[in-house]
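Novice: any chance you can model this:
(2 chains)
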Amino acid sequence: MNVRLYVWQRLTAALMVPLVVVHVAVIFYAARNGMTAADILARTRGSIVWASFYGAFVVAVAIHAAIGVRNVLTEWSPLENRSAGIFASAFGALLLLLGARAIAAVVLP
Amino acid sequence: MSDTRSELTVSLWRGAQQGRYQTYKVPWRENQTVLDVVTFVQRHLDPTLSYRFACRVGMCGSCAMTVNGRPRWTCRTHVSSVVKDGRLEIGPLENLPIIKDLAADMRLFFDKWQRAKGAFVPSRTRNDEIERIRPDSAARIAADAAIECINCGICYAACDTVRWNSDYLGPAALNRAWTLVNDVRDDANAERLQAVAAAGGCHACHSHQSCQELCPQRLNPTASIAGLKRRTMWAYLKGEI
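Specialist: Alright, predicted model coming up:
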């Protein structure tokens, strides 16, 4: 890992700390109040706030995880740095796609 | 520890990369070091045994070997402190190619010192006035804490990251770079920070801290590497590297 990847991984980690706290708090809130899927969708559909919140979360996760996977591959697999980078970028893109799909499912009207 | 035993069973690595452990019986004596045991084998049992040592008092760093699974200075390791059931297993340092028997090839280790820009680059000539360095300045305190490395290679042999990533510069080279980063007389820190911030540099360290646990000089290369991570990160964010 070079300094550029290090900075990106640390910055995305720092960004995720408050996002994880809010995400877990929301899960507790929804579970304790017995909210149904319909209740939740009524709050999230058309909401720019929730779209931005989970959009930032998905982008941070995709970057952070891809860098981590690249490190694991360069240290534990026979892949060279370049091949590990390509594989990890593809993994990050997949996370981004899946995350975007999940957000679209709950925020698009 | 039983002093009534008269013999040690000593397994020594014989051969190069391909080889095997060979067992010898060595008299057990009081206050015997591991280096004494290896020397006994070479002088009395098998003169073809190859190993490396020089000062015998923990100053030169050349006698480091793997003793019962851990890298150690053999000259400063008493048999009584490491022996298990009357047995010792002694091999060359790990993470380095083996030249023969107990002698590891240190070239890669020193090449990485060069890659980490471990050489001092003076900012003044002999004709300039000598720069005054305050011993209590923060930079000098940081440099002093890491300066006593004698290049024995124990931290390098102990490092998991070196084992996994052959490109990694290793604790000793990075620790050396940290002392120079904190040396105000040095004139090559832009290149040095660039070198240690590249792939295989300080950011590859996982902070497992085997280096600081096993360093016979009681240095803390992990702390030096953490310092380099901070310094290079700010240099990167400011666009200096």
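Novice: which stretches of chain B form helices?
Specialist: Across chain B, reading from the start of the chain, the helices by DSSP state H fall at B:34-40, B:79-82, B:107-115, B:138-146, B:154-158, B:160-164, B:171-181, B:189-197, B:210-214, B:221-237.
Novice: do chain A as well
Specialist: Assigned by DSSP H, chain A shows helices spanning A:3-32, A:37-44, A:48-76, A:81-107.
Novice: return the most buried member of those helices.
Specialist: Comparing these by mean neighbour count (mean count of other C-beta atoms under 10 Å in any protein chain shown), helix A:48-76 comes out on top with a mean of 18. (C-beta placed from N, C-alpha, C; glycine too.)
Novice: before we move on, back to that, redo the helices of chain A as TSV? Include mean pLDDT and distance to chain B.
Specialist: TSV is the format used below for the helices of chain A (pLDDT from 0 to 100; distance: least, C-beta to the nearest C-beta, whole Å):
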stretch	mean pLDDT	distance to chain B
helix A:3-32	96	4
helix A:37-44	94	36
helix A:48-76	96	4
helix A:81-107	97	6
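Novice: redo these as TSV? Include distance to B:Lys100.
Specialist: Putting those into TSV (distance: least, C-beta to C-beta, whole Å) gives the following:
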stretch	distance to B:Lys100
helix A:3-32	39
helix A:37-44	69
helix A:48-76	30
helix A:81-107	33
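Novice: for the closest residue to B:Arg176 other than its chain neighbours, phi and psi?
Specialist: Nearest residue to B:Arg176 in three dimensions, chain neighbours excluded: B:Gly118, at 4.2 Å (C-beta to C-beta, 6 or more residues apart in numbering or on different chains). Geometry field for B:Gly118 lists phi and psi as phi -80, psi 0, criterion degrees, to the nearest 10.
Novice: follow-up on the earlier one: can you put the helices of chain B in a markdown table and add mean neighbour count and mean pLDDT?
Specialist: Compiled in a markdown table, the helices of chain B are given as follows (neighbours: other C-beta atoms under 10 Å in any protein chain shown; pLDDT from 0 to 100):
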| stretch | mean neighbour count | mean pLDDT |
| --- | --- | --- |
| helix B:34-40 | 21 | 98 |
| helix B:79-82 | 16 | 96 |
| helix B:107-115 | 16 | 97 |
| helix B:138-146 | 15 | 97 |
| helix B:154-158 | 27 | 98 |
| helix B:160-164 | 18 | 95 |
| helix B:171-181 | 27 | 98 |
| helix B:189-197 | 21 | 97 |
| helix B:210-214 | 20 | 98 |
| helix B:221-237 | 20 | 97 |
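Novice: can you tell which of those is closest to A:Val22?
Specialist: Between A:Val22 and the helices of chain B, the shortest gap by C-beta to C-beta is with helix B:221-237, which sits at 26.7 Å.
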